[in-house]
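1. give me the fold of what follows.
(4 chains)
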Protein chains: 2
Amino acid sequence: MSAVSSTRAAFSSTPSTGVRSETVRSANLAIILRELHFHGPASRSELVARTGLTRSAIGALVGELVKADLVTEQRAASDGSPGRPSPVAAPVVDRNVTLAVDVAVDSLAVAAVGLGGVVLHAERVDRPRERVAVDATIDDIVAMVRRVEAVLDPNCRIIGIGVGVVGLVNRTDNSVSIAPNLGWHDVAFGARLQHALGSRTEVLVSNDADLAALAEVRRGVAAGIRDVLYVWGEVGVGGGLVSRGEPITGAAGFAGEIGHVPVNPDGRPCRCGSVGCWETEVGEGVLLERSGRSPDGGRDAVDALLADADAGVPSALEALAVQARWLGIGIAGLINVMNPSMVVLGGLLGRVHPYISDQVDAEIERRALESSRRGVVLVPSALGGDAPLMGAAELAFERLLADPLGTLRKVSTSR
Amino acid sequence: MSAVSSTRAAFSSTPSTGVRSETVRSANLAIILRELHFHGPASRSELVARTGLTRSAIGALVGELVKADLVTEQRAASDGSPGRPSPVAAPVVDRNVTLAVDVAVDSLAVAAVGLGGVVLHAERVDRPRERVAVDATIDDIVAMVRRVEAVLDPNCRIIGIGVGVVGLVNRTDNSVSIAPNLGWHDVAFGARLQHALGSRTEVLVSNDADLAALAEVRRGVAAGIRDVLYVWGEVGVGGGLVSRGEPITGAAGFAGEIGHVPVNPDGRPCRCGSVGCWETEVGEGVLLERSGRSPDGGRDAVDALLADADAGVPSALEALAVQARWLGIGIAGLINVMNPSMVVLGGLLGRVHPYISDQVDAEIERRALESSRRGVVLVPSALGGDAPLMGAAELAFERLLADPLGTLRKVSTSR
DNA sequence: TCAGTTTGTCATCTTCACCGACAAACGTCG
DNA sequence: CGACGTTTGTCGGTGAAGATGACAAACTGA
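-> Next up, the predicted model:
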């Protein structure tokens, strides 16, 4: 079981284990820390209002977090209102840090993200196709992590390490089952990276589209929205499903492979071995092909296509129209399945969407049930290409946010 | 917000509100009551082992449940093991009852279900197409409820009332948005039925496929399995999605309309207005049509078709083969989206499955990603046609199981 | 019948949040 | 500039709930 779900089990809706008063403390500390992490600094009185706890309880809880160096308190700047000013609690950004890693197809990124979601330092390097092997990737990541660590506060704690990988990730053991774009197959990536880093904290690995969805829901366009469908498309199409504010992982963590839903059973063969998968109709390759270009023209070819569309070139408009139809068909099906209140489009699909939004909307209106689609909004991703990286950081923070002091005890002894 | 999610919010993973010691008590009472409701009678020492609470805590908690007449304690039958025997706690079935209602296409069912999931009394009546109007339906339900109530223990409490309807149900206000098979449109069904029954407890309404899924996960073939895809098909196709043991409802409760996922965009028109929805390829109508029968032959025609298949009649086998292909295509897509560990087939699809399981498996193997489908099992429904009714009862129990004493206070004052 | 084992019960302790009184720190008004 | 009202932190006391540990009860088996 992943760390996220296990630490939360104590307070889930069907807890097998009993609740003790100690659990109450940990839950209330978690509430406050989550509040500060996600919504930024807040005065004590704001915390009182939001949690419903008393002033004395909040005082004690914040005090404990301060003692643990997770939170600082500062005098409030006077805002003109009467009464004694309430000190403002803020997360200690510099000394509570997660490392986030993104293993993309042609680039590698590492970031250090402080509590509160502040990016302290980030690096992204392009890399040639020859260096995507597992060992080379791990070597490169370790080197980047060392560079990033050198910049950090020497007294800082590494709370967790989160990794996003373009591929199918088994979240029960942080291994990569298959990553076609990297040529990986059954790699115990989490364990190997952890060993290479010499870290005692578990390296959490997840699918990059799932992490992008997490990032958008936590800090992006979908912040605060509980039922979200995130669709990420470049060469392939992936997705992240969020229900009640929590990502749907599936039994082993493979959920969200929406690019391989059959939409055209007699269509093109897919690299997954099936035929007519959604990504064979909305991926970058077909779009370029339909506009008369080479399917592996890459980003530059897409730019040219969109320029053509701006200029009104018929072949470009036609290719986009076909794209719009299939995009609408796939999204409509997923709306019927999930009934989200927001659909977020990332990657290529986010770039293309402004050109075809009307056609996509029309197709959805035709294909999705009226009840299910009522109130749904389609929006482009807010975090762009760094969404998986930000999601990886959030994944690494989850353990701390679920049980602050308990996690800290483990982190401090692991050094 | 539905009662289920609101009562659980206090202990969900992201509680906005603080946790008090009173909440601890209510959570622990809930744990014990859930244990007894779902897993049957248990000795106190078993409860100690399962919850991790101490003997004294369990004693006090069980005592409180006994005082509330939710639980009885009896001396254990000696089982040959040494030591002082632990009294066995069992739910009080007869006096804690929910009413379950199932509004199906051509029948109506009402049941009284006692705590622990025991069906105390159930009635199902077929009804002609002329009586499906809202008012007639409500009249019939009220009459059936009165008959059922007459059989119950005069001292029993009605804990809740749950209703399943063949149609799209808005769970935020228990209204039926649209039920094509009944000709209903925007009906405040929950409120109207509640008024007609003269009840003060909220009548909870949900989609019948969602409820069938709930029933299968709580007490059927999928008991204890956390990620389940339930596919229910007769004339139309519906579904219930379960992730982490909890049903996925979507933003307004419309999630699970898997029958309207586009699988054949240039296929048959669907009664929903779209084209090539999954149910146009796997519903009862096409299956009969493909075997050379009238599409509205109903259950008898299906029986004849299956008899033909047993006898090896080519047209029947061919129709089933086509059915198998489309069934596999749809399920494969949903496996890629959800990564369940079990797929449950209900209704017609459950009946047909034994005839075509190999072909369906083969299609899934071709269409679903290897990682996602690994370990997935397809099984027919265990509860059959009564699954929605049983699910309605479970829906009605949820409030009590989330906060036993708090709910009881409301129930007792409402009479 | 007696030792061994398991379990219920009871008094006491610890933890944690609530409550109420008081003091501190601010703005405002005369 | 100082008194007043307002808001908020702090501190001691209270109550609820589970943990602890000693002791009694109830069963098995020799």
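
2. list the strands paired with the helix or strand hosting residue A:119, with their directions.
-> According to DSSP states H and E, residue A:119 maps onto strand A:118-126. When sheet partners are counted by DSSP bridges, strand A:118-126 sits next to strand A:107-114 (antiparallel).

3. dump the partner strand to PDB, restricted to CA.
-> Extracted in PDB, the C-alpha atoms of strand A:107-114 (Å, rounded to 0.1, in the frame of the first residue of the first chain):
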ATOM      1  CA  SER A 107      13.800  15.900 -20.400                       C
ATOM      2  CA  LEU A 108      14.600  15.300 -16.800                       C
ATOM      3  CA  ALA A 109      13.600  17.700 -14.000                       C
ATOM      4  CA  VAL A 110      14.400  18.000 -10.300                       C
ATOM      5  CA  ALA A 111      13.000  20.600  -8.000                       C
ATOM      6  CA  ALA A 112      13.200  21.400  -4.300                       C
ATOM      7  CA  VAL A 113       9.800  22.500  -3.000                       C
ATOM      8  CA  GLY A 114       9.300  24.000   0.400                       C
END
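
4. buried sites along that strand?
-> By neighbour count on 16 or more other Cβ atoms under 10 Å in any protein chain shown, the buried set for strand A:107-114 is A:108, A:109, A:110, A:111, A:112, A:113, A:114. Backbone N, C-alpha and C define where each C-beta goes, glycine included.

5. residue contacts, the first one?
-> If you count contacts by Cβ atoms under 8 Å, 6 or more residues apart in numbering or on different chains, residue A:108 has them with A:101, A:102, A:124, A:125, A:127, A:137, A:140, A:141, A:144.

6. just the buried ones from those residues?
-> A:101, A:102, A:124, A:127, A:137, A:140, A:141, A:144.

7. can you show me the helices along the stretch 251-400 of chain A?
-> According to DSSP state H, counting those that start in this stretch, the stretch 251-400 of chain A carries its helices in the segments A:279-282, A:284-290, A:298-311, A:314-338, A:348-367, A:370-373, A:387-402.

8. and those helices: which comes nearest DNA strand D?
-> helix A:387-402 (19.7 Å; Cβ to the nearest atom of the strand).

9. the following helix or strand past that closest one near chain B at all?
-> Later in the chain than helix A:387-402, the nearest helix or strand by DSSP H and E is helix A:404-413. No - legend: contact between helix A:404-413 and chain B by Cβ under 8 Å from any Cβ of the partner chain is lacking; minimum distance shown is 14.2 Å.

10. how far does helix A:404-413 sit from its chain's centre?
-> 24 Å (Cα atoms, centre = their mean, to the nearest Å).

11. ok, now stretch A:79-98?
-> 27 Å.

12. return the residues in contact with the single nearest residue of the stretch 251-400 of chain A relative to chain B.
-> Residue of the stretch 251-400 of chain A nearest chain B, by Cβ to the nearest Cβ: residue A:339 (2.6 Å). Shown in contact with residue A:339 (Cβ under 8 Å, 6+ apart): A:227, A:372, B:249, B:250, B:251, B:252, B:253, B:254, B:255, B:256, B:257.

13. again, only using 7 Å
-> Residue A:339 makes contact with A:227, A:372, B:250, B:251, B:252, B:254, B:255, according to Cβ atoms under 7 Å, 6 or more residues apart in numbering or on different chains.

14. which of these sits closest to residue A:161?
-> residue A:227 (29.4 Å; Cβ to Cβ).

15. for the single nearest residue of the stretch 51-200 of chain A relative to DNA strand D, phi and psi?
-> When distances are taken as Cβ to the nearest atom of the strand, the stretch 51-200 of chain A reaches nearest to DNA strand D at residue A:83, 2.0 Å away. Phi and psi for residue A:83, reported as degrees, to the nearest 10, are phi 90, psi 170.

16. and the pLDDT at residue A:78?
-> You'll see residue A:78 listed with a pLDDT of 70.

17. for it, which non-adjacent residue is spatially closest?
-> Using Cβ to Cβ, 6 or more residues apart in numbering or on different chains and skipping residues adjacent in sequence, the residue nearest residue A:78 is residue A:85, 6.1 Å away.

18. cool, and residue A:271?
-> For residue A:271, ignoring the flanking residues on the chain, the nearest one in space by Cβ to Cβ, 6+ apart is residue A:180 at 6.0 Å.

19. hang on, residue A:349 packs against residue A:231?
-> Yes - using Cβ atoms under 7 Å, residue A:349 is in contact with residue A:231, at 6.0 Å.

20. of these two, who's got more company?
-> residue A:231 (30 against 26; other Cβ atoms under 10 Å in any protein chain shown).

21. name the element that one belongs to?
-> Taking DSSP H and E as the definition, residue A:231 sits inside strand A:228-233.

22. near DNA strand C, which of the contacts of residue A:339 show up?
-> Among the contacts of residue A:339, not one lies near DNA strand C by Cβ under 7 Å from any atom of the strand.

23. need those in a markdown table (columns: neighbour count).
-> As requested, these are arranged in a markdown table below (neighbours: other Cβ atoms under 10 Å in any protein chain shown):
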| residue | neighbour count |
| --- | --- |
| A:227 | 23 |
| A:372 | 28 |
| B:250 | 26 |
| B:251 | 23 |
| B:252 | 20 |
| B:254 | 27 |
| B:255 | 26 |
